[in-house]
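**Student:** sequence plus predicted model, see below.
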Amino acid sequence: MRNLKGYRRLADVPGVGYSGTPGITRVRLPGHDSTPRVETFDFDGRRQQSLRWSGGTTSASPASQHMDSDLKGVPTPKLLQDLAEALELPGEPQDYHFAIQSTSQELWRRRRDEPPVLEETERLFWLDIRLIEACPDAVADEYNDERRFYEVRAFRSLILLYQAEGAILEALDVARRAGRFDQQQPLLEDLERRLVVLRAEDGP
């Protein structure tokens, strides 16, 4: 069963190293004082639990409710502002992960038309990786008593970014981190082969 725990804000999640965004006033955000309660129910013959927010009326946390479902038409400054605000609101680690992932992937899509977003995109990729390394349950579920991880798009995008820059060691580091979540194995193997070749070319 997934470990259920709600946090006041992403900065309260241990091990992530997120300090927040200057200029965001939490108390002005809707749902900033929301606290969850655990709801237990039976589904498919198994006892399940989930967190209920807003007085038990919804399973969607304030952090997840703050994000638009379609980000394509959202201007970049507002996109970043909305994410910064969502990360200041109560939620579960998976809520923060999906908020970061959806925003960073939309920025990644814009990188050729808006080159300045690339630096921010890379920062968000690393924030997402630190979050799931601290809270693996945020991207995991159980099927037939077997733990399986959801796709974490930051891994592949960051590997491709570092490959394009010729930063093989950095790409390899990301691929090895991805391997801990059963992801990007072909890219990991390819990078390890390339590193062997490069070291052989450099000689003893």
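**Tutor:** Yep, that arrived.

**Student:** helices of the protein, start to end?
**Tutor:** Assigned by DSSP state H, the chain shows helices spanning 62-65, 76-86, 93-109, 117-134, 153-164, 168-179, 185-202.

**Student:** and the second one, what does it pack onto?
**Tutor:** Read that as helix 76-86. Other elements packing on helix 76-86 under the criterion 3 or more CB pairs under 8 Å, 6 or more residues apart in numbering; DSSP states H and E are helix 93-109, helix 117-134. In short, each C-beta sits where N, CA and C put it, glycine included.

**Student:** hmm, 7 Å instead?
**Tutor:** helix 93-109 (3 or more CB pairs under 7 Å, 6 or more residues apart in numbering; DSSP states H and E).

**Student:** how about the contacts made by the spatially closest residue to Tyr7 that is not a sequence neighbour?
**Tutor:** Nearest non-adjacent residue to Tyr7, counting by CB to CB, 6 or more residues apart in numbering: Val13, 5.4 Å away. Shown in contact with Val13 (CB atoms under 7 Å, 6 or more residues apart in numbering): Tyr7, Pro93, Leu131, Ala134, Cys135.

**Student:** can you say which of those residues are buried?
**Tutor:** By neighbour count, with 16 or more other CB atoms under 10 Å, the contacts of Val13 hold Tyr7, Pro93, Leu131, Cys135 as buried.

**Student:** and of those residues, the nearest to Leu71?
**Tutor:** Leu131 (18.9 Å; CB to CB).

**Student:** might you report the residue contacts of the closest one?
**Tutor:** Contact analysis of Leu131 by CB under 7 Å, 6+ apart lists Val13, Val16, Pro93, Tyr96, His97, Ile100, Ala138.

**Student:** where does pLDDT dip in this structure?
**Tutor:** 1-3, 42-47, 55-56, 203-204 (pLDDT under 70).

**Student:** give me that answer again for 90
**Tutor:** Within the chain, the stretches with pLDDT under 90 are 1-5, 35-59, 68-69, 141-147, 197-204.

**Student:** identify all contacting residues around stretch 92-99.
**Tutor:** Counting contacts by CB under 7 Å, 6+ apart, the residues outside stretch 92-99 that touch it are 5-6, 10, 13, 51, 61, 63-64, 67, 83, 86-87, 128, 131-132, 135, 138-139.

**Student:** same deal with stretch 140-148?
**Tutor:** So stretch 140-148 is contacted by Phe149 (CB under 7 Å, 6+ apart).

**Student:** ok now that stretch, how far from the chain's centre?
**Tutor:** Stretch 140-148 has its C-alpha centroid displaced from the chain centroid by 19 Å (CA atoms, centre = their mean, to the nearest Å).

**Student:** same check, this time on stretch 111-125
**Tutor:** The mean C-alpha position of stretch 111-125 is separated from the chain mean by 16 Å, CA atoms, centre = their mean.

**Student:** got a list of contacts for that stretch?
**Tutor:** Thr76, Leu80, Ile100, Thr103, Ser104, Leu107, Trp108, Arg110, Ala154, Ser157, Leu158, Leu161.
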